[in-house]
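S.K.: predicted model and sequence follow; I will ask about them next.
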Amino acid sequence: MGNDIETLQELLKEDPSNFQARRELSIILVNQGFNEEAEGNLEYLCKYFPEDAELHYNLGIVYEKLKKFDKAKKAYQKAISISPQEDFYYNLGEVLVDLKEWDEAEKCFKEVLKTDPNDSNCYFNLGLCYYNRDEKNKALDNFQKAVSINPKDVYAYFYLGYIYQNDGLTNFAVESYKKVLEVSPDYSWAYFNLGSIAFKNGNDDEAKEYLKKTIQYNPADYEAYKLLVKICLKDNETEEILEILHTALEQEENGDLFYCLARVYKFIGNLENYYDALRNALRNPYTLSYSKKAVKAELDFVGEKIGRHENIEPERTVEEYNDTEETSDAESKHEDYDYEEEDEEDDEENGYEEYDNSDESDESDWDEDGEEDEFDDDEEDWEDDDASEEDSDEE
């Protein structure tokens, strides 16, 4: 194939007006992933052959691969205006999904279904359109049609699971997520949502197994670590979660993981390691989604207790890290899940609450010489307006 590219390039050097060679070269470049080179050739050809629908269609493909969705949209529309074809409508529909133009995308997929009523991908994409327009019943209908035609459509099953879970139909949600795992056993988000459902149902052991699977297949899923920490502290199983967190941090330092580690050390009363973990959390501000102001206040409070002080200022010029980027891709969908609310309930039950800066003057846990009598974890939760955790179930 490389020889073909070189041969065609040589022909074009000799005769730049050899349109057939340029067309063949463009197709090869597209297929080989040389999108920038293909873009230039196809734009050149479209100027000379403005009524060639295939050229505009191929140019749309290149624009789409280069994430130039507005240009891709125009190229596909031009191809359709010249020669309406099923593939042209389908590709335009996918670009409109990327552009979040749900109404126009719906029309495109319906055009495809007029000639191919068994196109499962169209039903999935229609499901996306309805889902994002908050028409959940229509979305369910289309996702169900997609899996009835293609039982291996993991994304359609995942969206079915998410909608059921969000509506409180956990049995149907579990069934759908397990269908996902039958087809794709390494689909980490399905494991996470199964874990969160098990946790909400009080099945801690089952939840832990699903969350460990989540981490196994996606070690960068920090929401899984957060929920796993909650469960292990609730069940007083600190050795296991310490090992998991340390193993993860050996691979890559992360602010959120250091803060999770701090919570565990606080729970077991190891103030020195608690302090060090908070310090390391602040030293990784780009990956710390917890309020940096609150973490710094917590660090200062513990430092006062143990006689250590660090001049670490929380990052003020960097936006709070948020890894729940909005997208219509099923792989990155996350269900909203309020860990903060459940934290308050579980902390009261398990003696695990955040330090409140207002309690700095309360030395009831320390004797007159400044020595620690007994480490009491029953401090009030932080009530800082900025101390928001951006935790979410994985959607």
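M.R.: Arrived safely.
S.K.: please count neighbours and contacts with C-alpha atoms only from this point.
M.R.: Will do.
S.K.: what about the helix or strand harbouring residue 299, average pLDDT?
M.R.: Assigned by DSSP states H and E, residue 299 falls within helix 292-306. Helix 292-306 shows a mean pLDDT of 93.
S.K.: report the buried residues of it.
M.R.: 292-303, 305 (16 or more other Cα atoms under 10 Å).
S.K.: with stretch 245-265 instead?
M.R.: Residues of stretch 245-265 classed as buried: 245, 248, 253-265 (neighbour count, 16+ other Cα under 10 Å).
S.K.: C-alpha coordinates for that stretch, PDB please?
M.R.: Extracted C-alpha coordinates of stretch 245-265, given in PDB (Å, rounded to 0.1, in the frame of the first residue of the first chain):
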ATOM      1  CA  LEU A 245      -5.100   2.600  47.600                       C
ATOM      2  CA  HIS A 246      -1.300   2.200  48.000                       C
ATOM      3  CA  THR A 247      -1.100  -0.100  45.000                       C
ATOM      4  CA  ALA A 248      -3.000   2.400  42.900                       C
ATOM      5  CA  LEU A 249      -0.800   5.300  44.100                       C
ATOM      6  CA  GLU A 250       2.300   3.400  43.200                       C
ATOM      7  CA  GLN A 251       1.100   3.400  39.600                       C
ATOM      8  CA  GLU A 252       0.200   7.100  39.500                       C
ATOM      9  CA  GLU A 253      -0.200   9.800  42.000                       C
ATOM     10  CA  ASN A 254      -3.700  11.300  42.200                       C
ATOM     11  CA  GLY A 255      -5.100  13.900  44.500                       C
ATOM     12  CA  ASP A 256      -8.500  12.200  45.000                       C
ATOM     13  CA  LEU A 257      -6.800   8.900  45.900                       C
ATOM     14  CA  PHE A 258      -4.500  10.700  48.400                       C
ATOM     15  CA  TYR A 259      -7.600  12.200  50.000                       C
ATOM     16  CA  CYS A 260      -9.300   8.800  50.100                       C
ATOM     17  CA  LEU A 261      -6.200   7.500  51.800                       C
ATOM     18  CA  ALA A 262      -6.400  10.400  54.300                       C
ATOM     19  CA  ARG A 263      -9.900   9.400  55.100                       C
ATOM     20  CA  VAL A 264      -8.800   5.800  55.900                       C
ATOM     21  CA  TYR A 265      -5.900   7.000  58.100                       C
END
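S.K.: my guess is residue 249 contacts residue 259, does it?
M.R.: No - using Cα atoms under 8 Å, residue 249 makes no contact with residue 259, being 11.3 Å away.
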